[in-house]
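> kindly generate the corresponding structure for this input.
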Amino acid sequence: QMLDKVITELDWSSFPLKIQIETEDLYPEITISQILDRGIIGEIATASTYFDLAAANRSHNISLAAKKLDNILLAPEEIFSFNQIVGKAGLEDGFKEAPVIVNDRVVMGPGGGICQVSTTIYNTALWAGLGIEERHNHGLPVGYVAPGYDATVAYNYKDLKFRNDTPFYILIHLQVFSNELKVTFFGD
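Numbers count the residues shown, from 1 in each chain. Here you go, the predicted structure:
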């Protein structure tokens, strides 16, 4: 819509071009002062996994799930639940069909790829030494982590849950750089 407006307002006969656009101020969900007020002073753990950009729907699902999970603040003794934050990852939620493992078989289903996000978060929680409350492995090996380090999710059936058993807040930050998914936990 904005691109169409820019194209229609282009007048190539006069330079410099003048284009009137509307702007909207966007403010951060979490500010630096809020982070510091909660005692978060540095990185405590990080993990990365890599994915194939050619698998466009899977890449989309990874990015969408990462966006939903980015900048979660976890209070002391609070339990993180992947499914509670991401939801059922259906087509109506903006996710796309991609390969998923169901009953030890690979089939097409909405949200394919989100298990790579749960797995990367799980590995970060392990590095941070947090108490894992619930975790399930896939029925088949996955290619992005070593066996035993995966964490599959299925809404209302299998979840990734861990407890912030530290005395300080943890900020969970997710980033997607090209074909890398990076999860970082910040705390004290």
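
> from here on, just use CA atoms for contacts and neighbour counts.
Noted.

> quick one: low-confidence ranges for the protein?
Flagging of the chain using pLDDT under 70 yields the residue ranges 1-3, 5-19.

> do you have the helices of this protein handy? List them.
Counting by DSSP state H, the segments of the chain that form helices are 2-9, 32-37, 56-69, 82-86, 114-128.

> highest mean neighbour count out of the ones you listed?
For the helices of the chain, average neighbour numbers computed from mean count of other CA atoms under 10 Å are highest in helix 114-128, which has a mean of 24.

> with only the CA atoms kept, save that one in CSV.
Listed next in CSV are the C-alpha coordinates belonging to helix 114-128 (Å, rounded to 0.1, in the frame of the first residue of the first chain):
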residue,chain,number,x,y,z
ILE,A,114,8.9,-24.4,15.1
CYS,A,115,10.5,-27.3,16.9
GLN,A,116,13.8,-25.9,15.8
VAL,A,117,12.9,-22.8,17.8
SER,A,118,11.9,-24.8,20.9
THR,A,119,15.1,-26.9,20.5
THR,A,120,17.3,-23.8,20.4
ILE,A,121,15.6,-22.4,23.4
TYR,A,122,15.9,-25.7,25.2
ASN,A,123,19.7,-25.8,24.5
THR,A,124,20.0,-22.2,25.9
ALA,A,125,18.1,-23.2,29.0
LEU,A,126,20.5,-26.1,29.5
TRP,A,127,23.5,-23.9,29.1
ALA,A,128,21.9,-21.5,31.6
